[in-house]
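Student: Quick one, what's the 3D model for this:
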Amino acid sequence: MTTIDTATLRDWQSRGQDFILVDTLPAGAFAEGHLPGAINIVSDDILDEAPRRLPDKQATIVVYCTSEDCKRASRAAERLARLGYTEVYHYEGGKRAWKADGLLLEH
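Tutor: Sure thing, here's the model as predicted:
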């Protein structure tokens, strides 16, 4: 699985790169705050939800969760790869790294 950091994610956003940002936390945590532009697909639901919500298996997808200690995003990335998604990235730092860089969450 390929990982990316905050600087890379910010660069992609600033250049308008086409990618889908997926918050893998439960709906309540997503509602409390998420990275700008993210959609919410809980990691435990990714096998059922991805085919419907992420129909393009060649799309660039970035998954994240709370922090580098959270395992939800890595599990989601592995499951997406098993489903045949070819461009899956794991933003390891998650919401904690995003906020540590002074960046704001959406609510």
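Student: Please give me every residue in contact with the one residue sitting closest to the centre of the chain.
Tutor: By CA atoms, centre = their mean, the chain has its centre lying nearest to residue 63, at 2.1 Å. Taking CB atoms under 8 Å, 6 or more residues apart in numbering, we find residue 63 in contact with 22, 24, 73, 76, 77, 80, 88, 89, 90, 91. C-beta coordinates here come from the backbone N, C-alpha and C atoms, glycine included.
Student: do you know how far the fifth one is from residue 31?
Tutor: Applying CB to CB, to the nearest Å, the value for residue 77 to residue 31 is 23 Å.
Student: More neighbours: which of those two?
Tutor: Set residue 77 next to residue 31 and count neighbours by other CB atoms under 10 Å: residue 77 wins out with 26 against 11.
Student: Do I have it right that the more buried one meets residue 92?
Tutor: No. Counting by CB atoms under 8 Å, residue 92 is not a contact partner of residue 77; they are 10.2 Å apart.
Student: In helices, which of the contacts of residue 63 appear?
Tutor: Using DSSP state H, the subset of the contacts of residue 63 located in helices is 73, 76, 77, 80.
Student: Run a quick neighbour tally on the closest residue to residue 18 other than its chain neighbours.
Tutor: Spatial nearest neighbour of residue 18, chain neighbours left out: residue 60 (6.6 Å); criterion: CB to CB, 6 or more residues apart in numbering. Residue 60 has 16 neighbouring residues, counting by other CB under 10 Å.
Student: what bridges to residue 60?
Tutor: With DSSP bridges applied, the residues forming beta bridges to residue 60 are residue 87.
Student: how close does it sit to residue 29?
Tutor: As judged by CB to CB, residue 60 and residue 29 stand 24 Å apart.
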